[in-house]
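In: Need a 3D model of the following:
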Amino acid sequence: MTVRAFSIPRTTVVAITALVILTPLSLIFWQSFLNAPFFNSAKQLGFDAYRFIFDDPDFWNAFLNSVVIAAGMVLIALPLGAALAFLLTRTDLPGQRIIEVLVLVPVFISPMVLAFGYVVAMGPVGFYSLWAKAIVGEVPWDVYSLTSIAVIAGLTHVPHVYLYSSAALKSLGSDVEEAARVVGANPLRVALNVSLPMTAPALFYAAVLVFFLGFELFGLPLVLGDPEGHLVLSTYLYKLTNKLGTPSYHLMAAVAICIVAITFPLVLLQRKLLQGARKYATIKGKAGRMKELPLGKWTWVAVALLSFYLFVTVIVPVSGITLRAFVTNWGFGVNLFEVFTLDSFRAVFDERTHVRAIYNTILIGTVGGALTVACYTAIGFATHRRDDGWSRFVDYLVLVPRAIPGLLAGLAFLWVFLFFPPLTPLRTTIFSMWIAYTVVWLAYGMRLISSSLMQVAPELEEAARSVGASRGTISRSITLPLIRPGLIGSWLLVFMIFEREYSTGVYLLAPGTEVIGAQLVSLWQGGAIDIVAALSLINILLVGIGLAIALRMGVKLRD
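Out: Below is the predicted model:
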């Protein structure tokens, strides 16, 4: 029996990973069982925090709203995402490559930015609302209703369904589809009766994912739900301090644990479903060649579906933000040319806080993104081609942050920096944002790194091992150079994610740690609409630059 040598580098990587993941979560768990904030000398163990929130009607109203919105998201995103996946992977629809990029745009735009875009575009005095009123005599929608929140959230989460459904469809052969066409089935019947049922496991996984993401929503319900008092669990937590007028960390922790109790089982279910979906796709992938189905007269129906989706999810919010950023005011009868201005951008660049937010956002996306990929790579190497207890432990460990919404993760890291005096000086540095971002997106980042590592044929590593090379030498001299293109692609994707992130930084926002996302939440709450519009457009441009570079370098956005 071979005894594996103790590896200090691997043990160090696993220990640090466990420390940065479990410490914040443990602090939340401990705080939830105190009857006062942890820094209060009079604190005592008890269930007072849970009693308070369970007796609070607002908590149950927020919980019900979260369930309704999450269910609505599934009902909207699942059929639309599956339909788009079928059109772009199984048919001869023209312009598929550019359409796919446009379909994925909502993934890379901050939900906070999208929410603001819908307000200025389709709110009571929004650009599209006033144009609609001039045509039909009234505004035919209410963007602040619970239904509208669910519809908008569902439409903006269509890409999540599309990604998994299209991946499953691409692994299928087209023999059965061709047989269906031979007997006279049109493209719609082929999609409903043949193609999509064969990807049922992937669709079920996507449905669970979207339902889970419904409990993470913060920006959309904050911006669209606040005017009418529609609370969800994340906004209920955010507003607890305002509700009581004093810091209520113990109550916030109790709400956080309730959210984790809902989301973590869903994360584990996702893992199980994803494994089943991959197995299902692999079996079906043994089928023969894939031949595109001709749409024929159904082309116009497909174009109409795509146009509707792109108009509502991309054109409406982005055009709304763009117009609002360049006008002093807007209302009925206002001429756009008469109110054109650059004052909003001047106000941004005249304020040091806003300039620092832009600088920090770029810094955390470029330098921070590179460091994050380096950390993810180290974790990936610690478990690469190993099947032991430590690898399985890390495999489940990286799932933990996935169950913690960014807002809660930022709150947890705030407490870490407050609770541990040696770390307190880092509280007002960009490091606090970076470590929180890195942990929150750990599961996604590890998927990117793992996909790159698995592309390296094991024979290359085994050949080096047969001539006496150590695991460290193999990793440094063979595996790492071979996955360098994948690491660059991962860095670009992490850059775009970090540029759009907003909720993680809400509680970590302080002089010196400003980033655009968290700054937008603060400015929105303060009513600085002009500044929000200008910063939102700058944020979209930064993400757009990253997206353009990634596409130019051939990065696959579906990884």
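
In: From here on, just use CA atoms for contacts and neighbour counts.
Out: OK.

In: For the stretch 251-400 of the chain, give me the ranges with low pLDDT.
Out: Applying pLDDT under 70 to the stretch 251-400 of the chain flags residues 274-291, 331-333, 385, 387-388.

In: Can you show me the helices along it?
Out: In the stretch 251-400 of the chain, the helices defined using DSSP state H, counting those that start in this stretch lie at 299-310, 316-325, 343-350, 352-383, 389-397.

In: looking at those, which is closest to E216?
Out: The closest of the helices of the stretch 251-400 of the chain to E216 is helix 389-397. By CA to CA, the value is 19.5 Å.

In: hmm, who's touching the next helix or strand along the chain from that closest one?
Out: Where DSSP states H and E defines the elements, the next helix or strand beyond helix 389-397 is helix 406-419. Residues outside helix 406-419 that contact it (CA atoms under 8 Å, 6 or more residues apart in numbering) are 23-25, 27-28, 39, 216, 218, 234, 256, 401, 423-424, 426-427, 432, 436, 440, 503-508.

In: residues of helix 406-419 that come out buried?
Out: Using 16 or more other CA atoms under 10 Å as the test for burial, helix 406-419 gives 406-418.

In: next one: stretch 330-348 to chain centre, how far?
Out: 32 Å (CA atoms, centre = their mean, to the nearest Å).

In: all numbers from here: first residue = 21
Out: New numbering, starting at 21: the last item is stretch 350-368.

In: lowest-pLDDT helix or strand in this protein?
Out: Within the chain, no helix or strand scores below helix 195-202, which has a mean of 57 by mean pLDDT, DSSP states H and E.

In: Contact partners for the residue positioned nearest the centre of the chain?
Out: Nearest residue to the geometric centre of the chain (CA atoms, centre = their mean): V127, 6.8 Å. V127 sits next to T176, H177, P179, H180 when contact means CA under 8 Å, 6+ apart.

In: and the angle for the helix or strand where the third one lies with helix 319-330?
Out: Taking DSSP H and E as the definition, P179 sits inside helix 178-190. Between helix 178-190 and helix 319-330, the angle formed by their directions is 140 degrees, by axes from the mean of the first three to the mean of the last three CA atoms, to 10 degrees.

In: thinking again about what came up before, just the closest of the contacts of V127 to A548, please.
Out: T176 (25.0 Å).

In: so which of the helices of the stretch 271-420 of the chain is the most packed in?
Out: Ranked by mean neighbour count, the helices of the stretch 271-420 of the chain are led by helix 336-345 with a mean of 22 (mean count of other CA atoms under 10 Å).

In: Against which helices or strands is that helix packed?
Out: Packed against helix 336-345, as judged by 3 or more CA pairs under 8 Å, 6 or more residues apart in numbering; DSSP states H and E, are the following elements: helix 131-142, helix 549-572.

In: what residues does the helix or strand following the first one touch?
Out: On the C-terminal side of helix 131-142, the nearest following helix or strand under DSSP H and E is helix 147-156. Residues lying outside helix 147-156 but in contact with it, judged by CA under 8 Å, 6+ apart, are V140, A141, M142, G143, P144, E158, V159, P160, G340, W350, G351, F352.

In: list the contacts for P160?
Out: Counting by CA under 8 Å, 6+ apart, P160 has contacts S149, A152, K153.

In: filter the residues you listed to the buried ones?
Out: Neighbour-count burial (16+ other CA under 10 Å) applied to the contacts of P160 gives S149, A152.

In: Generate CSV for the contacts of P160, with pLDDT and distance to R291 as supplementary columns.
Out: As requested, the contacts of P160 are arranged in CSV below (pLDDT from 0 to 100; distance: CA to CA, whole Å):
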residue, pLDDT, distance to R291
S149, 88, 42
A152, 86, 45
K153, 85, 47
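
In: which SS state does L251 fall under?
Out: L251 carries the three-state label coil when classified by DSSP: H, G, I helix; E, B strand; the rest coil.

In: tell me the phi and psi of it?
Out: Main-chain dihedrals, L251, degrees, to the nearest 10: phi -90, psi 150.

In: so how far is M132 from the residue nearest to it when sequence neighbours are not counted?
Out: Spatial nearest neighbour of L251, chain neighbours left out: A82 (4.8 Å); criterion: CA to CA, 6 or more residues apart in numbering. Between A82 and M132 the computed distance is 19 Å (CA to CA, to the nearest Å).

In: Same check on V354?
Out: V354 sits 27 Å away from M132, going by CA to CA.

In: Among the contacts of helix 426-439, name the ones in helices.
Out: Among the contacts of helix 426-439, DSSP state H puts T43, P44, L45, L47, I48, S254, A276, S452, A456, V460 in helices.

In: Mark which of those are buried, thanks.
Out: Buried by 16+ other CA under 10 Å: P44, L45, L47, I48, S254, A276, S452, A456, V460, out of these.

In: And T524, how far from F433?
Out: Taken as CA to CA, the span from T524 to F433 is 9 Å.

In: Now for those two: what residues contact both?
Out: With CA under 8 Å, 6+ apart, T524 and F433 have common neighbours A456.

In: Low-confidence stretches in the stretch 471-579 of the chain?
Out: Residues of the stretch 471-579 of the chain meeting the criterion pLDDT under 70: 477, 479-482, 484, 487-492, 494-496, 577-579.

In: what about I503, neighbour count?
Out: Number of residues near I503 (other CA atoms under 10 Å) recorded here: 18.

In: Was I right to think it contacts V476?
Out: Yes: using CA atoms under 8 Å, I503 is in contact with V476, at 7.5 Å.

In: Using the three-state scheme, assign the nearest residue to Y522 once chain neighbours are set aside.
Out: Leaving aside its chain neighbours, Y522 sits nearest to G537 (3.8 Å; criterion: CA to CA, 6+ apart). Following three-state DSSP, we place G537 in the helix state.

In: wait, isn't G537 in contact with S523?
Out: Yes: counting by CA under 8 Å, S523 is a contact partner of G537 at 7.2 Å.

In: measure F437 to V228 for me?
Out: Distance from F437 to V228, by CA to CA: 34 Å.

In: Please read the previous query as pertaining to Q64.
Out: From Q64 to V228 the distance is 38 Å (CA to CA).
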